[in-house]
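>>> One predicted model, sequence on top.
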Amino acid sequence: MDVKSNHSSPVLTDPVPINKSRLGIRSSLFGYSQQDPSVSPSRRIRAPRKSLEDVRTNGWLDAMKASSPPRKKPIKEYNIEFASNDSTDSEDYRSWMLDYPSALDSFEQISVFAKNKKVAIFLDYDGTLSPIVDDPDSAFMSEAMRATVKNVAKFFPTAIISGRSRDKVYELVRLTELYYAGSHGMDIIGPVSQTVSNDHPNCILSTDHRGKDVNLFQPAREFLPMIDEVFRTLVENTKEIKGSKVENHKFCVSVHYRNVEEKNWTIIAQCVHDVLTNYPRLRLTHGRKVLEVRPVIDWNKGKAVEFLLDSLGLTNRNDVLPIYIGDDKTDEDAFKVLRERNCGYGILVSSTRKESNAFYSLREPTEVMKFLQLLVNWKRQQESI
């Protein structure tokens, strides 16, 4: 397989390791008594100067701003908001696409490499199968997208690898034909195979939604009590920050600031910072207007792709073509695996210029659906020959 020249690392990088905060969890946030009704809301949301120094020193504010997508405008097909296409028409974006060409325009080339190969499809959910929206609970995929993904699974082994909990992403997708990996790949349902041993301490024999035997792989199981504790603490400590939302994704905690005024991002960043000082085995990563707290283990979406390929019996074969489609920084680990193994294609979903380990790009979920439909039609034609 021809490989383009290596791209630089993703734009966003994790902040430097967290040092012991000079501030307490509550005092660093508000500097007032929660029971004092005389304090005005505007005063309550003000961050101490030391807080600003803490989160700036750790690079959090810069990363939060860098991970913030442009404002949205509605697209009629979904009756919901996608990223504005204005940026895709800019000279800068067209120049960027010389390095990350459209997977739609390049489909013929992709199909040439896919011929006589076992194609495996890996998909992110938010921003890939569904639009990015202000309320994560409203990130629904369209029925047309659901039908498309179901057709894909008829012809190719297909898995969704999401930052959401595995149960939540299944609730949103509702397709039993797929494999699911939640919490950035730390909670995986995969096929039972001889290559993945059930004797592994983090892998147990289980059943999926159809009652079929599967391997349940959870490499961070020991962190569950810690994640639950951090979730409860962050819910309590962010409840005064208007627009904030904390979600428990089982093996990670997401703190959304999409609906928080930018002037108050310091507050929410410092809140997470101070909580994490008490948990050295947890780390912070950044997504699209979200801070994510995860266990410090050598596991990510790229490792999840490798695990699933192994489970499917598709490792160390020359006749395999994995395709991973995703839109976020966390998907870069999967793109990197495919690039370094020289065995597949990463496709970045983005309407704005960003550096990536992907080979190709798509602008938004509607283009993802078109690409998947092309794959299905191509496979049908191959089988009819």
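Received the coordinates, thanks. Numbering: from 1, shown residues only.

>>> which parts of whichever helix in the chain runs longest are buried?
Ranked by number of residues, the top helix in the chain under DSSP state H is helix 365-384. Using 16 or more other Cβ atoms under 10 Å as the burial criterion, the residues of helix 365-384 that qualify are Pro365, Thr366, Glu367, Val368, Met369, Phe371, Leu372, Leu374, Leu375, Val376, Trp378, Lys379. For glycine as for every other residue, the C-beta is placed from the backbone atoms N, C-alpha and C.

>>> Same question for stretch 256-273.
Under the neighbour-count rule (16+ other Cβ under 10 Å), stretch 256-273 has 256-258, 260, 264-273 buried.

>>> what residue ranges in this structure score low on pLDDT?
Counting by pLDDT under 70, the chain has low-confidence residues at 1-58, 67-89, 194-200.

>>> hey, where'd the helices end up in it?
Secondary structure of the chain (DSSP H): helices at 41-44, 49-57, 60-66, 91-96, 107-114, 143-155, 166-173, 224-238, 265-276, 301-311, 332-341, 365-384.

>>> Tabulate these (CSV), appending distance to Phe251.
Shown next, in CSV, are the helices of the chain (distance: least, Cβ to Cβ, whole Å):
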stretch, distance to Phe251
helix 41-44, 32
helix 49-57, 25
helix 60-66, 21
helix 91-96, 34
helix 107-114, 33
helix 143-155, 24
helix 166-173, 9
helix 224-238, 6
helix 265-276, 16
helix 301-311, 12
helix 332-341, 15
helix 365-384, 25
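
>>> ok so, going back, what comes into contact with the longest helix of the chain?
With contacts defined as Cβ atoms under 8 Å, 6 or more residues apart in numbering, helix 365-384 is touched by 75, 77-78, 82, 102-104, 107, 111, 114-115, 119, 121, 123, 127-131, 141-142, 144-145, 148-149, 151-152, 154-156, 323, 325, 347, 349, 362.

>>> Buried ones among the residues you listed?
75, 78, 82, 103-104, 107, 111, 114, 119, 121, 123, 127-131, 141-142, 145, 148-149, 151-152, 155-156, 323, 325, 347, 349, 362.

>>> what sits against the nearest residue to Asn116 once chain neighbours are set aside?
Distance criterion Cβ to Cβ, 6 or more residues apart in numbering; nearest residue to Asn116, sequence neighbours excluded, is Asp319 at 6.7 Å. Residues near Asp319 by Cβ under 8 Å, 6+ apart: Asn116, Lys117, Lys118.

>>> quick check, nearest of the residues you listed to Arg210?
Distance to Arg210 across the contacts of Asp319 (Cβ to Cβ) is lowest for Lys118, with 22.6 Å.

>>> which ones are touching the closest one?
Pro157, Leu314, Arg317, Asp319, Val320, Leu321.

>>> can you redo the residues you listed as TSV with distance to Val337?
Conversion of those to TSV gives the following (distance: Cβ to Cβ, whole Å):
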residue	distance to Val337
Pro157	16
Leu314	13
Arg317	15
Asp319	18
Val320	13
Leu321	14
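
>>> just to revisit the earlier point, as TSV, the contacts of Asp319 with distance to Asp228 would be great.
Converted to TSV, the contacts of Asp319 look like this (distance: Cβ to Cβ, whole Å):
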residue	distance to Asp228
Asn116	48
Lys117	43
Lys118	39
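
>>> These in strands, which ones?
Lys118 (DSSP state E).

>>> which among the contacts of Asp319 gets closest to Ser95?
For those, the nearest to Ser95 is Lys117 (31.7 Å; Cβ to Cβ).

>>> bridging residues for the closest residue to that closest one other than its chain neighbours?
Spatially, and ignoring its direct neighbours in sequence, Lys117 is nearest to Leu321 (4.3 Å; Cβ to Cβ, 6+ apart). Per DSSP bridges, the residues bridged to Leu321 are Val119.

>>> Numbering from 3 from now on, please.
With the count now opening at 3, the last piece we talked about shows up as Leu323.

>>> and Leu323, how many neighbours does it have?
Using other Cβ atoms under 10 Å, Leu323 has 21 neighbouring residues.

>>> Pull the contacting residues for the closest residue to Arg168 other than its chain neighbours.
Once flanking residues are discounted, Arg168 sits nearest to Gly184: 3.0 Å by Cβ to Cβ, 6+ apart. By Cβ under 8 Å, 6+ apart, Gly184 lies in contact with Ser164, Gly165, Arg166, Ser167, Arg168, Asp169, Lys170, Val171, Ile190, His251, Lys252, Phe253.

>>> Repeat the analysis, applying 7 Å as the threshold.
Contacts of Gly184 were listed using Cβ atoms under 7 Å, 6 or more residues apart in numbering, and they are Ser164, Arg166, Ser167, Arg168, Val171, His251, Lys252.

>>> Dump the residues you listed into TSV; add distance to Arg96 as well.
As requested, the contacts of Gly184 are exported to TSV (distance: Cβ to Cβ, whole Å):
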residue	distance to Arg96
Ser164	31
Arg166	33
Ser167	38
Arg168	38
Val171	34
His251	36
Lys252	41
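
>>> between those, which is closest to Thr279?
The closest of these, once distances to Thr279 are taken by Cβ to Cβ, is His251, at 21.7 Å.

>>> Now the longest helix of the chain - C-alpha only, PDB.
Below are the C-alpha coordinates for helix 367-386, written out as PDB (Å, rounded to 0.1, in the frame of the first residue of the first chain):
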ATOM      1  CA  PRO A 367     -21.600  13.000   9.000                       C
ATOM      2  CA  THR A 368     -23.600  13.300   5.700                       C
ATOM      3  CA  GLU A 369     -20.400  12.700   3.800                       C
ATOM      4  CA  VAL A 370     -19.600   9.800   6.100                       C
ATOM      5  CA  MET A 371     -22.900   8.200   5.200                       C
ATOM      6  CA  LYS A 372     -22.200   8.700   1.500                       C
ATOM      7  CA  PHE A 373     -18.800   7.100   1.800                       C
ATOM      8  CA  LEU A 374     -20.300   4.100   3.700                       C
ATOM      9  CA  GLN A 375     -22.900   3.700   1.000                       C
ATOM     10  CA  LEU A 376     -20.300   3.700  -1.700                       C
ATOM     11  CA  LEU A 377     -18.500   0.900   0.200                       C
ATOM     12  CA  VAL A 378     -21.700  -1.200   0.300                       C
ATOM     13  CA  ASN A 379     -22.400  -0.600  -3.400                       C
ATOM     14  CA  TRP A 380     -18.900  -1.500  -4.300                       C
ATOM     15  CA  LYS A 381     -19.000  -4.700  -2.300                       C
ATOM     16  CA  ARG A 382     -22.300  -5.700  -3.900                       C
ATOM     17  CA  GLN A 383     -20.700  -5.200  -7.300                       C
ATOM     18  CA  GLN A 384     -17.700  -7.300  -6.300                       C
ATOM     19  CA  GLU A 385     -19.900 -10.100  -5.100                       C
ATOM     20  CA  SER A 386     -21.900 -10.100  -8.300                       C
END
